[in-house]
Every structure is written in C-alpha cells, then in structure tokens.
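A.B. asks: just to be clear, the model below is a prediction. Sequence and coordinates:
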Amino acid sequence: MTAIDQAATVPEVDRNLAFLTYALLFFSIFFAGVPALIAVAIAYARRKEADPFVRGHHSFQIWIFWVGFTLALFAGAAGLSAVMMAAGEAIRQASAENWQGWRALRVADIVGPATLTFGALFVVLAVCAAVWLATTSIYGFVRLASLRPMRQTRR
C-alpha cells in the first residue's frame, strides 16, 4: 500500500485531530500544561473510534502526556519542597529572640544545601519535562505528516 493509498483510507477528521493533539502537547510547555489536558482528552475520546493508523498515534499521545505529567509532578514537588524549606528557615530565624527585622535576613542564612539541591532538582526535572514534550510531540507530528504509523510494544 502506497502512502497515497493509505492517506485515502485515513479519515481526514481523525488525522487532523491527531495533528491538533500533537500541537497542543507541544504548546503545553508554554502554557503551564493546560493544553496537554485538552490533548489527552481528545486522544482518549478518539482512540477507540479511530482507524488503527490514527489509533496508534493517539496511544502515543496519551503516553507522551503521562510521562510529561509525571516529570512535571516530580518537578513541582521538588520546587515546593525548596520553597517550604526556605520559608521554614526564614520563619525560624524570624522567631529567634535576637531578630532585628526582615532586612537583617540574608539569603545565605535562609538557603542551605538541601534547599539548593531541591531547587536544582526542580530545574532539571522541569527542563526534562519540557524537552520530553517538545521532542516527542515533534517526532509524532512528523511521523503522522509522513503517513508513518506509530508502533509501540504490547503491554
């Protein structure tokens, strides 16, 4: 079956929705992940009814979402931990008897090695999530545009 024959068998609406879903996954990097929620809803809704060619792309899009979500969740937990550690140290120093006001607090007194570690972990995981979403959505978009199926291993 040639690419032209395969294109004639793939319903255009399903293919366009798959393109839209890849685009939403890509742009979710810039909009705090909200477009990714729309993308995964489309992929879940259309996966059962689409033909096998597009169904493979929808399954891949769902996988992209869940891996990106997990990375972002861990990044958020690390970032929140860093902020809470810094806030806790600032409150601890503010409650000390010899406290001389907020201006007396220095960043070096508040931010310790653990806070820096969790802050760095936040940055690394957030960058990994962004790179994951960008590269996999572009990869899937290109494969869909060139009428190549998305093959995944059986679960």
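C.D. replies: Nice, thanks for sending it over.
A.B. asks: return the residues in contact with the spatially most central residue of the chain.
C.D. replies: Centre of the chain computed as the mean C-alpha position; nearest residue by Cα atoms, centre = their mean is Gly68, 3.3 Å away. Residues near Gly68 by Cβ atoms under 8 Å, 6 or more residues apart in numbering: Leu25, Ser28, Gly33, Ala36, Ala129, Trp132, Leu133. The C-beta positions use only the backbone N, C-alpha and C, and glycine is treated the same way.
A.B. asks: buried residues in stretch 115-135, which are they?
C.D. replies: Buried residues in stretch 115-135, counted by 16 or more other Cβ atoms under 10 Å: 115, 118-119, 121-122, 125-126, 128-130, 132-134.
A.B. asks: which residue is the nearest non-sequential neighbour of Ala18?
C.D. replies: His57 (4.7 Å; Cβ to Cβ, 6 or more residues apart in numbering).
A.B. asks: poorly predicted segments of the chain, please.
C.D. replies: 1-10, 97-99, 101-104, 152-155 (pLDDT under 70).
A.B. asks: which helix runs longest in it?
C.D. replies: helix 52-94 (DSSP state H).
A.B. asks: other SSEs contacting the helix or strand following it?
C.D. replies: Following helix 52-94 in sequence order, the next helix or strand is helix 107-110 (DSSP states H and E). In terms of contacts (3 or more Cβ pairs under 8 Å, 6 or more residues apart in numbering; DSSP states H and E), helix 107-110 is packed against helix 52-94.
A.B. asks: chain center to the helix it packs on, what's the gap?
C.D. replies: 8 Å (Cα atoms, centre = their mean, to the nearest Å).
A.B. asks: cool, and stretch 87-95?
C.D. replies: 33 Å.
A.B. asks: now that stretch - C-alpha only, PDB.
C.D. replies: Written as PDB, here are the backbone C-alpha positions of stretch 87-95 (Å, rounded to 0.1, in the frame of the first residue of the first chain):
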ATOM      1  CA  ALA A  87      10.200  29.700  54.200                       C
ATOM      2  CA  GLY A  88      10.700  27.400  57.200                       C
ATOM      3  CA  GLU A  89      14.200  28.700  57.800                       C
ATOM      4  CA  ALA A  90      13.100  32.300  57.400                       C
ATOM      5  CA  ILE A  91      10.300  31.800  60.000                       C
ATOM      6  CA  ARG A  92      12.700  30.000  62.300                       C
ATOM      7  CA  GLN A  93      15.100  32.900  62.100                       C
ATOM      8  CA  ALA A  94      12.300  35.500  62.400                       C
ATOM      9  CA  SER A  95      11.100  33.800  65.600                       C
END
